[in-house]
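1. Task: produce atomic coordinates for the following.
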Amino acid sequence: MTLGVLALLGSGETAPSMTKVHRQLLKRLDPVRAVSLDTAYGFQANVPQMTEKIVEYFATSLRIPITPLHFTLFEGTSEVERATFRQDVRAANYVFAGPGSPSYALHQWAPLDLAEDLRGTLRAGGVLCFASAAALTLGSLTVPVYEIYKVGTATHWLHGLDVLSMAGIRGAIIPHYDNAEGGNYDTRFCYLGEDRLVQLERQLPDETGLLGVDEHTAGIIDLADKSLTVMGKGAVYWRRNGETRTFESGTTTPLSELQSFEPEVAPSTRSSLPEESDIDGLVSLAEKGGPESIEAIARLARMASTGASDRIDPSDLVKGLLELRVSARDDKDFALADRIRDVLVASGIEVMDTPDGSTWSIK
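-> Okay, here's the model as predicted:
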């Protein structure tokens, strides 16, 4: 099955300048099953008007009906409503989200585990088109823009949905990269200005960079072709270790020219993880428990399930990892929860989340 496309729009998601981008993306799909998520602006008083504007834009400018999906408050919904929302997202092949607050959106989407549904859209060959605030949520880390820019809290990062990692990129997304609304003061870099952006960069893990997208510009990541295409008025940027690469509009670049990584095994674990022949070593590491044993447990479970080892019950191992994942999500450690899922998937163990819990199978 062909992987899909992740389109990151810096701004102008319903402006005439982005119509060509949407049309290009929609041409990939037949039939089109488009949905719009209102979560990012769900705290605003004008939610119906915002949604109406999006629906009208798709109907008038793109000649495509788009179904608005309403989900504005995780704690204010029932399990049935949450399951229905996720099911509707999974049934779509064009998922659109745009303006609002990235931190508000994360607070609703992360406990819902919407990241897994969005990854499913891409695995099934669909399109994720996220703009502005919604685009911010898709990196491994997310800037709480309003809290820093408007409220004045200290610079800090939030854990993002990390959908960008499907492109082999460990990065935070910065839309509105060339914003100039401040006039005589610096509002570039999504209103942060350069001083605060540099402060945030100093807090990044070594392997993480910044993917910047100018306003009225789209960075289109084709997961099948492993390429980044830039459309629109501006450019896309990759910043890491004090260096910036610029990708101009109209260009297509291999993703290999951006940072690559293998999320299933962290470098510190890769060097110390015993070989499959050293079952005692793997068991010893697995029995230590905690995050450092994740890769060892997943490898043992895979070996047991495929008959490579008859000394271990794979069900108990995977059950233990799934319980650790639930605990991590309860503690709002979504980075650890996502890592557990990624390690299981990389080990050939497919995890399926349902309203009644998680199930698994060997691919």
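
2. quick one: the spatially closest residue to Glu215 that is not a sequence neighbour from Ser256, how far?
-> Leaving aside its sequence neighbours, Glu215 sits nearest to Ser11 (C-beta to C-beta, 6 or more residues apart in numbering; 4.0 Å). Placement of C-beta: from N, CA and C, glycine included. Noted for Ser11: a distance of 28 Å to Ser256, by C-beta to C-beta, to the nearest Å.

3. How about Gln199?
-> 30 Å.

4. And Glu323, by the same measure?
-> 37 Å.

5. What of Ile294?
-> Counting by C-beta to C-beta, the separation of Ile294 from Ser256 is 27 Å.

6. before we move on, what about Tyr146?
-> Taking C-beta to C-beta, one finds Tyr146 at 35 Å from Ser256.

7. between the two, who's got more neighbours?
-> Taking other C-beta atoms under 10 Å, Tyr146 and Ser256 do not tie; Tyr146 has more neighbours (16 against 10).

8. And the residue nearest to the more buried one when sequence neighbours are not counted, how far from Arg119?
-> Nearest residue to Tyr146, sequence neighbours excluded (C-beta to C-beta, 6+ apart): Ser101, at 5.6 Å. Using C-beta to C-beta, one gets 23 Å for the distance from Ser101 to Arg119.

9. before we move on, could you check phi and psi at Tyr149?
-> phi -80, psi -40 (degrees, to the nearest 10).

10. what about it, how many residues close to it?
-> 16.

11. Gly100 against Leu37, yeah?
-> No - counting by C-beta atoms under 8 Å, Gly100 stays clear of Leu37, with 9.7 Å between them.

12. Settle it for me: which of those two has more neighbours?
-> Per other C-beta under 10 Å, whichever of Gly100 and Leu37 has more neighbours is Leu37, with 30 against 25.

13. which residues of the stretch 151-300 of the chain fall in helices?
-> 193-202, 267-270, 279-287, 294-305 (DSSP state H, counting those that start in this stretch).

14. need the least confident one among those helices, by mean pLDDT.
-> Lowest mean pLDDT of the helices of the stretch 151-300 of the chain: helix 267-270, a mean of 37.

15. buried ones in stretch 4-15?
-> Gly4, Val5, Leu6, Ala7, Leu8, Leu9, Gly10, Ser11, Gly12, Glu13, Thr14 (16 or more other C-beta atoms under 10 Å).

16. tell me, what residue is most central in this structure?
-> Val163 (2.3 Å; C-alpha atoms, centre = their mean).

17. pLDDT below threshold where in the stretch 101-250 of the chain?
-> Within the stretch 101-250 of the chain, not a single segment meets pLDDT under 70.

18. All the strands of it, residue numbers only.
-> Remark: strands assigned in the stretch 101-250 of the chain by DSSP state E, counting those that start in this stretch are 127-131, 141-142, 158-159, 171-174, 209-213, 217-222, 227-232, 235-240, 243-248.

19. Could you give the separation of stretch 78-98 from the chain centroid?
-> Taking the mean of its C-alpha atoms, stretch 78-98 sits 15 Å from the chain's own mean (C-alpha atoms, centre = their mean, to the nearest Å).
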